[in-house]
Structure formats: structure tokens, C-alpha cells
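**Q** Need a 3D model of the following:
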Amino acid sequence: MDRQRIDKWLWHARVVRTRSDASSRVEAGHVRVNSQRVTAPSHALRTGDVVTLALDRTVRILEVVGFCERRGGPPEATATYSDLSGLRPKT
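**A** Here you go, the predicted structure:
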């Protein structure tokens, strides 16, 4: 796999609880890919894309490292991304 829908990837990566939650966050404009706002849950992600996601009380910045065929456990989920959130300077 060289690409995957953003709603499916967010669910497989265990960033959100359900795929419908991922779709609604994307449609509401809470997700950016490579600094561009995405409003279509069918937007295709590729390896190397940087996803910025506004959650309830935090912002997560994730670099897409890979994809999964199905939703697995936490070890498989964390293997699909690199968390860049901690790399931001604190002000």
C-alpha cells in the first residue's frame, strides 16, 4: 500500500476511537495534511505526509510512516506514524 484514506488511517493508527469520529473531525476542519486544511475524509495520505490533528485538549503532529491493512493492537498502530508533537519548542 502506498496510500490510504485519512479517516481510515486515523482509525488504524488509533488516534481516534471510531472511523466515524475520524470522518467528522476531518469534515469539521480539525485536520491538516502538510499544513493544508483537509475537509474530505477520502483524502489520500502518502508516506511522509505530516498530519496535524486538533483533539479535545491537545494538538498532535504525526508523520505518516506506513499503513495497515486492518486495525491492530497498539504496537501495530504506533508503527504507522512518528510523533512529532514533542519536538515543538515550548513557549
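
**Q** shaky segments in this protein?
**A** Within the chain, the stretches with pLDDT under 70 are 87-91.

**Q** try 90
**A** Under the criterion pLDDT under 90, the flagged ranges of the chain are 1-2, 55-58, 68-72, 74-76, 85-91.

**Q** Which elements pack onto the biggest helix by length in it?
**A** Selection of the longest helix in the chain by residue count, based on DSSP state H, yields helix 19-27. Of the remaining helices and strands, those touching helix 19-27 by 3 or more CB pairs under 8 Å, 6 or more residues apart in numbering; DSSP states H and E are helix 6-12. All C-beta atoms are positioned from the backbone trio N, CA, C, and that covers glycine.

**Q** which SS class is the closest residue to Val26 other than its chain neighbours?
**A** Beyond its immediate neighbours in the sequence, the residue positioned closest to Val26 (CB to CB, 6 or more residues apart in numbering) is Pro41, lying 4.8 Å away. Following DSSP: H, G, I helix; E, B strand; the rest coil, we place Pro41 in the coil state.
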